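Asks: Mind folding the following:
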Amino acid sequence: MIGHVLSSRGSIHRRISLVLTAGVCFLWMFAALAAGLALREETSEVFDSALQEVAQRVLPLAYTEILNLDVDAPDDDAPQKIASVEPHREYISYMVRDANGRILLQSHDADPAVFPMVLKAGFVDLNASRFYTESAVQGTIFVTTGERAGHRRGALIDSIKVLLWPLMLLLPLSLAGVWWLVTASLRPLKAFQDEIALRSSANLSPVHARELPAEIRPVAAAVNNLMQRLRRALDSERTFTANSAHELRTPVAAALAQTQRLMAELPPGPAYERACTIESALRRLAILSEKLLQLGKAQGGELLSDAVQDLAPVLGLVLDDAGLRDDRSQRLDIRPPTSGHFYSVMDVDAFAMLARNLIENALKHSAPETPVKIVLSDGGLFSVANECRVIPHETLARLPRPFERGETPADGSGLGLAIVSAIAKGIDSKIEFLSPVPGQSGGLEVRVQLPMRPKAT
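Replies: Numbers count the residues shown, from 1 in each chain. The predicted model follows:
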C-alpha cells in the first residue's frame with residue numbers, strides 16, 4: 001500500500017497529502033512517546049517522594065500512638081487500625097511493625113499478605129507494587145508504605161491517552177488541510193494541463209507559464225520549445241506540400257490544354273489514342289495536385305473561426321460548384337437541418353472541402369443507379385451514406401490514411417478520406433465509418449460531428 005502511494009506513477013496530489021499527513025501523525029506519536037517517557041520518570045519521582053513523605057509523617061505519629069497504649073491492656077496480636085472517616089479507596093497504605101514483624105498499626109486498606117516480609121529500609125518492588133520502608137527507635141519500629149498495585153502504571157497510561165486522543169481529531173483535520181493546500185498549490189498546474197488539452201492539433205502556439213510554480217516552469221519551457229520545433233517541422237512539411245501542388249497546377253494545366261489541342265488536330269489512329277492516354281494521365285495529375293493542396297490546407301490551416309457561420313447554405317453551394325445537381329440530382333437524397341440553419345464556428349472553406357470530398361467519394365464508389373444520402377442534422381452531425389458491399393473493419397481502419405484505397409474499380413488518388421480525417425482532427429472531432437449502414441444489409445456511412453455555436457454565458 002505504501003509502495004503504491006509513493007510510486008512515481010501515482011498521483012502527486014494524493015502522494016503529497018498522504019505523506020505529509022502521515023508525517024504529522026508520526027511526529028505527533030513520537031512526541032507523545034517522548035512525553036510519556038519523560039512523564040514516566042517524573043511520575044516515578046513524584047510517587048516515590050509521596051511514599052517517603054507518608055512514611056516520614058506516619059512514623060512519629062505511630063510512635064506516639066504506641067507509647068500511649070495502655071500497658072495493662074491484654075496482650076493480643078490484633079493490630080490497631082486507624083479508623084477512616086468515610087469509606088474510601090487508599091492509593092497509599094501503610095503498616096507499622098516491630099523488629100519481629102508484629103503489626104502494631106496499619107491503615108484500614110493495608111493487606112499484610114501484599115506487604116514485604118523482610119524489614120529493610122528503602123524501596124522495593126513486589127507483587128506489581130512499590131514499597132518504601134523507614135525505621136526508627138534504633139531499628140525497633142518499621143513503617144512501610146505501599147502503593148496500590150497498577151496505580152502508577154494506570155496513571156501513566158491515562159496520561160499518554162490524553163496526549164494521543166487528539167490525534168484522532170488531528171488526523172482528518174490534517175488530511176483535509178493538507179489536501180486543500182496541495183490542491184491550491186497545484187491549481188496553476190491543472191490550468192496549464194487544461195490549456196494544453198483544450199488546444200486543437202493546429203494550435204501549437206506557446207502555452208502561458210507565468211502563473212506556474214518555479215519548479216514547473218522549466219517543464220513548461222521545455223514543452224513550449226518542443227511545440228515550437230514541432231510547429232516548424234509541420235509548417236515546413238505543409239508548405240512544401242502546398243507549394244508543390246500549387247506549382248504543379250500551371251504546367252499541368254498548360255500540358256493538358258496542349259494535349260487537348262493536339263487531340264483536336266489528330267485524325268483517328270494510334271497517335272490519337274496515345275494523345276487520349278496522355279490527356280487522361282494529365283487529368284489524374286491535375287486532380288492529385290488539387291487534392292494535395294487541399295490536404296496541405298486541412299493539415300495546416302485554422303479550421304475554426306471566431307465568427308459564427310451558417311453551414312446549411314454552404315452545402316448547397318458545394319453541390320452547385322461541383323456540378324452535382326445536374327445529372328446526378330436523382331441520386332442525391334439531401335436532408336438539411338429541420339430549421340434550415342446550422343450555426344457553427346467551423347470555417348466555411350473547411351466545411352466545403354469536407355462535404356465535397358465525402359460526396360464525391362460516395363458517388364464515385366457506388367453504382368450509378370444507387371442513391372447517396374446526405375444529412376446535416378440540427379445537432380451538427382454530418383453524414384454521407386452510399387450503397388456498396390460490406391467493407392471489412394480492417395479496411396475501414398486504414399481508409400483515412402493518405403493514398404490508401406479499398407477494393408474498388410473506380411479511379412481515385414486515395415486522398416479524399418485523408419483530407420476529411422485531417423479536417424476532423426483540426427476541429428477536434430473524429431471521422432466514423434459504419435459498414436453496413438445502420439438498418440441496412442450493406443453500404444457505407446461516414447459521419448463527422450461538426451462544432452456547434454458556443455452557448456451564451
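
Asks: which residues sit against the helix or strand hosting residue 382?
Replies: Assigned by DSSP states H and E, residue 382 belongs to strand 381-386. Defining contact as CB atoms under 8 Å, 6 or more residues apart in numbering, one finds that strand 381-386 is touched by 354-355, 358-359, 361-363, 365-366, 370-376, 437, 443-450. Placement of C-beta: from N, CA and C, glycine included.

Asks: Pull out the buried members of those.
Replies: Listed as buried from the contacts of strand 381-386 are 354-355, 358-359, 361-363, 365-366, 372-376, 437, 443-450; burial here means 16 or more other CB atoms under 10 Å.

Asks: In strands, which of those fall?
Replies: With strands taken from DSSP state E, the overlap with the buried ones among the contacts of strand 381-386 comprises 372-376, 444-449.

Asks: Which pLDDT value belongs to residue 455?
Replies: On the pLDDT scale, residue 455 is placed at 53.

Asks: what angle sits between the strand holding residue 382 and strand 444-449?
Replies: 170 degrees (axes from the mean of the first three to the mean of the last three CA atoms, to 10 degrees).

Asks: Could you point out the helix or strand that follows strand 381-386?
Replies: Downstream of strand 381-386, the first helix or strand assigned by DSSP H and E is helix 393-398.

Asks: Enumerate the positions of that next one that are buried.
Replies: For helix 393-398, by 16+ other CB under 10 Å, it's residue 396.

Asks: On the three-state scheme, residue 130 is what?
Replies: Following DSSP: H, G, I helix; E, B strand; the rest coil, residue 130 is assigned to strand.

Asks: ok, how many other residues are close to the closest residue to it other than its chain neighbours?
Replies: The shortest distance from residue 130 to any non-neighbouring residue, by CB to CB, 6 or more residues apart in numbering, is to residue 147 (4.7 Å). Residues near residue 147, counting by other CB atoms under 10 Å, number 22.

Asks: Just list the residues touching residue 147, thanks.
Replies: Residues in contact with residue 147 (CB under 8 Å, 6+ apart) are 47, 51, 91-92, 129-131.

Asks: picking that back up, residue 293: which of the ones in strands among the buried ones among the contacts of strand 381-386 is nearest?
Replies: Nearest to residue 293 among these, counting by CB to CB, is residue 448 at 20.7 Å.

Asks: isn't the closest one right up against residue 433?
Replies: No. At 10.7 Å, residue 448 does not count as touching residue 433 under the criterion of CB atoms under 8 Å.

Asks: Next one: the nearest residue to residue 429 once chain neighbours are set aside from residue 270, what distance?
Replies: With sequence-adjacent residues excluded and distances taken as CB to CB, 6+ apart, residue 429 is closest to residue 449, at 4.8 Å. As judged by CB to CB, to the nearest Å, residue 449 and residue 270 stand 53 Å apart.

Asks: just to revisit the earlier point, for the buried ones among the contacts of residue 147, write the corresponding PyMOL selection.
Replies: A single PyMOL command is used to select the members of the contacts of residue 147 judged buried by 16+ other CB under 10 Å:
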select buried, resi 47+51+92+129+130+131
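
Asks: I'd like the contacts of residue 147 as a markdown table, with pLDDT and distance to residue 348 appended.
Replies: Formatted as a markdown table, the contacts of residue 147 follow (pLDDT from 0 to 100; distance: CB to CB, whole Å):
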| residue | pLDDT | distance to residue 348 |
| --- | --- | --- |
| 47 | 82 | 93 |
| 51 | 83 | 99 |
| 91 | 77 | 95 |
| 92 | 82 | 99 |
| 129 | 81 | 97 |
| 130 | 86 | 96 |
| 131 | 89 | 102 |
